[in-house]
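S.K.: Have a look at this prediction, sequence included:
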Amino acid sequence: MTTTRERSMTATIEHPSVDDRRALGKDAGHQTPPSSHAGWEPAAHRPDPVALLEDQNLTREQDLVPVRHGRMMVSPFTFYRGAAKIMAADLKDTPRAGLTVQLCGDAHLSNFGGFASPERRLMFDVNDFDETLPGPFEYDVKRMAASFTIAARNNGFRKAEVRDVTVASVAAYREAMADFAQMRTLDIWYAHLDEEDILASARLQEKGKKSKKDVKRAKKTFGKARTRDSLQALSKLAELVDGKYRIVSQPPIVVPLRDLAATDYGLAPESVGKALHDQFRAYRQTLQNDRRQLLERYELVDLARKVVGVGSVGTRAFIGLLQGRDGQDPLFLQVKEATASVLEDHLPKSRFRQPGERVVQGQRMMQAASDIFLGWTKGADVSRHFYWRQLRDMKGSADVEAMSPTGLAFYAQTCGWTLARAHARSGDPIAINAYLGDSDAFDLAITDFSRRYADQNDRDYDEFVTAIRSGKLQALEGV
C-alpha cells in the first residue's frame, strides 16, 4: 500500500505563473460571483438540527452529554459554538469558488486567542483545529462572520452595530488577502500577530473609534494569559499528598484516574492507567527528535479526565501531570480525542488515516507557530484516536461578552486578518485575492449570509431548548 509520504514524494508539483494564478481567481469570480453568497435560505430537506446533535452524542461519554447540552443552552451564541456539525450540513449547499485552503473547520470567534510561541512570545492565532480539513475558503469565512453577528446580537448591539462588526471581519479578511497576494512566499509563512502588534494597532484606533476601556481590557487579557502556565495550573489542578503532587478531584469536570469507575472504559482503573502510559510512549514517537528528548526528561505522575470547551464536551479528554527536576517543575499535557471532522460528511475524506494526525498537521499548517509538544496516538480502543498538546502555555481568550461595539469590531478585524494569513499559508492568496476583488461585494454578501444564518441559528436554538424542556434531551446547567 502506498503511504501518504510516498505519494507526496512522487507527486508532480505544478508552479503556475502569477498571471495564471490571478486568471484562476478571476475565472472563479465569473462562475461564482462574490455577490452570490448573499440570499442564503435553508435547504428544503434540511436535516433536523437536534437529530444531528443526537447523532454526535452516540460516541461521546454519556455522563457528560448533559453537560454539553447545559453549556449550549446558555444562549444562541453558546449553542452556535457547539453546532459545527449543523453548519457543516448547511454549508455544503452554499456557493463555492473552487479555491481550496486548509480550513479550521470551526472558525468561530472564540476559537481565536493567545498562546506562547516556542520563542516565548505571546501570539494571537486560530487555536482550535478539531474539525480542520482542506476545503472551500468560504466555509471558514462564513463560520467566522456569522459568529460575530450572533455574538453582537447576544451583546445587545443595535442592528447597525451588528452589521458593522460583521462587515469589519470580512473586510479585514479581504484586505489582508490583498496584502498577502503581493508578498513573497516566505514572508507569508513568517507573518504573524503578537501582543505588541495588537496593542500598537489598538492604540492607533484609540483616538478614533476605540475607547480607552477596550484598550485597557486588551492589556488585561494579555496580562492574564502570561500567568497561565503549568505552575499556575499546578496551583489550580493539583494537591500535595505525602510529599507528591496529584491531580485534585473536581467531578464531573476533573476526575482523576484513581476515581474512575471500572465501567467507564470497560477496564479496571489500573488497566486504564497502563493503557494511557502506553499511549504516552507512543505519543513521544510522533515528536521530532529534539522535542522527544526534552519530553523524556519529564516523568508522568498522574492522569485525569477533564471536560473542555463547548463543542468538545463528551469526547474523551484527559490531562497528564508530568514532573521534571522536582515537584516545582511541572508540565501539564492535554490529551483530546480526535474524531472525523464534521466536514468529512460533505467534503473529501482526510488524507491522514488517523484523525489525531489530521488535527496536528492542520494546526501546523495554519498557525504561525505551534506548540512544540503537538503529537498524536491511536487509542487502546483502536476505533479512537487522540492528539496531545500542552494544557496551558500562556493561553488566553478575549472576553467577547464584555466588549463594546467598537471593541468587538476591532476584534473582528484582528480575527479576519488572522484567518486570511492562515489561509494564505496553504491556499493561493493571489487567486483568492483576484476572486475577492477590490469592491465590498464579498463583504456585503457574507454579511447578508451571516444575518440570515443568525436567524436560523436562533430557530435551531429554540428547537434545541424545547427538546430539553420536553425531556427529549437531558441538560445539566451551570457546570
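M.R.: Looks like it arrived, so ask away. Source: prediction; values computed, not measured. Numbering: from 1, shown residues only.

S.K.: what residues are up against the most centrally placed residue in the chain?
M.R.: By C-alpha atoms, centre = their mean, the chain has its centre lying nearest to Asp128, at 2.1 Å. Residues in contact with Asp128, defined by C-beta atoms under 8 Å, 6 or more residues apart in numbering, are Cys104, Asp106, Asn111, Gly309. All C-beta atoms are positioned from the backbone trio N, CA, C, and that covers glycine.

S.K.: Assign a three-state SS to the second one, would you?
M.R.: When states are read from DSSP: H, G, I helix; E, B strand; the rest coil, the local structure at Asp106 comes out as coil.

S.K.: Surely Arg228 touches Gln390?
M.R.: No - counting by C-beta atoms under 8 Å, Arg228 sits too far from Gln390 to count as a contact (10.5 Å).

S.K.: tell me which residues in the longest helix along the chain are buried?
M.R.: Selection of the longest helix in the chain by residue count, based on DSSP state H, yields helix 441-469. The neighbour-count check on helix 441-469 (16 or more other C-beta atoms under 10 Å) flags 441-454, 456-457, 460-461, 464-465, 467-468 as buried.

S.K.: which SS state does Pro348 fall under?
M.R.: coil.

S.K.: Model confidence at it, what's the number?
M.R.: You'll see Pro348 listed with a pLDDT of 96.

S.K.: measure it to Pro136 for me?
M.R.: The spacing between Pro348 and Pro136, counted by C-beta to C-beta, to the nearest Å, is 12 Å.

S.K.: Neighbour count for these two, which is higher?
M.R.: The neighbour comparison of Pro348 against Pro136 (other C-beta atoms under 10 Å) goes to Pro136, with 23 against 11.

S.K.: Cross-check the contact I'm expecting between that one and Gln102.
M.R.: No - using C-beta under 8 Å, Pro136 is not in contact with Gln102; the gap is 11.6 Å.

S.K.: State the distance from the residue nearest to Ala338 when sequence neighbours are not counted to Val335.
M.R.: Take Ala338 and drop its neighbours on the chain: the residue closest to it by C-beta to C-beta, 6 or more residues apart in numbering is Pro355, 3.8 Å away. For Pro355, the distance to Val335 equals 13 Å [C-beta to C-beta].

S.K.: quick one, which of the two is more surrounded?
M.R.: Higher neighbour count among Pro355 and Val335: Val335, with 26 against 22, using other C-beta under 10 Å.

S.K.: wouldn't that one be in contact with Phe386 here?
M.R.: Yes - using C-beta under 8 Å, Val335 is in contact with Phe386, at 5.2 Å.

S.K.: Now do the shared contacts for the two.
M.R.: The overlap between the contact sets of Val335 and Phe386 (C-beta under 8 Å, 6+ apart) consists of Gln279.

S.K.: Just give me the neighbour total for Val50.
M.R.: 17.

S.K.: So Glu477 sits against Gly70, correct?
M.R.: Yes - counting by C-beta under 8 Å, Glu477 does reach Gly70; the two are 4.2 Å apart.

S.K.: Neighbour count for those two, which is higher?
M.R.: Counting neighbours by other C-beta under 10 Å for Glu477 and for Gly70 shows that Gly70 has the greater number, 19 against 12.

S.K.: Show me the shaky parts of the stretch 1-150 of the chain.
M.R.: Applying pLDDT under 70 to the stretch 1-150 of the chain picks out residues 1-10.

S.K.: now the strands: where do they sit in it?
M.R.: According to DSSP state E, counting those that start in this stretch, the stretch 1-150 of the chain carries its strands in the segments 100-103, 112-116, 122-126, 133-136.

S.K.: Quick one: closest of the ones you listed to Asp302.
M.R.: Nearest to Asp302 among the strands of the stretch 1-150 of the chain is strand 112-116 (23.5 Å), distances taken as C-beta to C-beta.

S.K.: which other helices and strands contact the closest one?
M.R.: In terms of contacts (3 or more C-beta pairs under 8 Å, 6 or more residues apart in numbering; DSSP states H and E), strand 112-116 is packed against strand 122-126, helix 212-227, helix 405-426.

S.K.: Return the most buried member of those.
M.R.: Comparing the helices and strands packed on strand 112-116 by mean neighbour count (mean count of other C-beta atoms under 10 Å), helix 405-426 ranks first with a mean of 25.

S.K.: nearest residue to Phe77 other than its sequence neighbours?
M.R.: Closest to Phe77 by C-beta to C-beta, 6+ apart is Asn154, at 4.3 Å.
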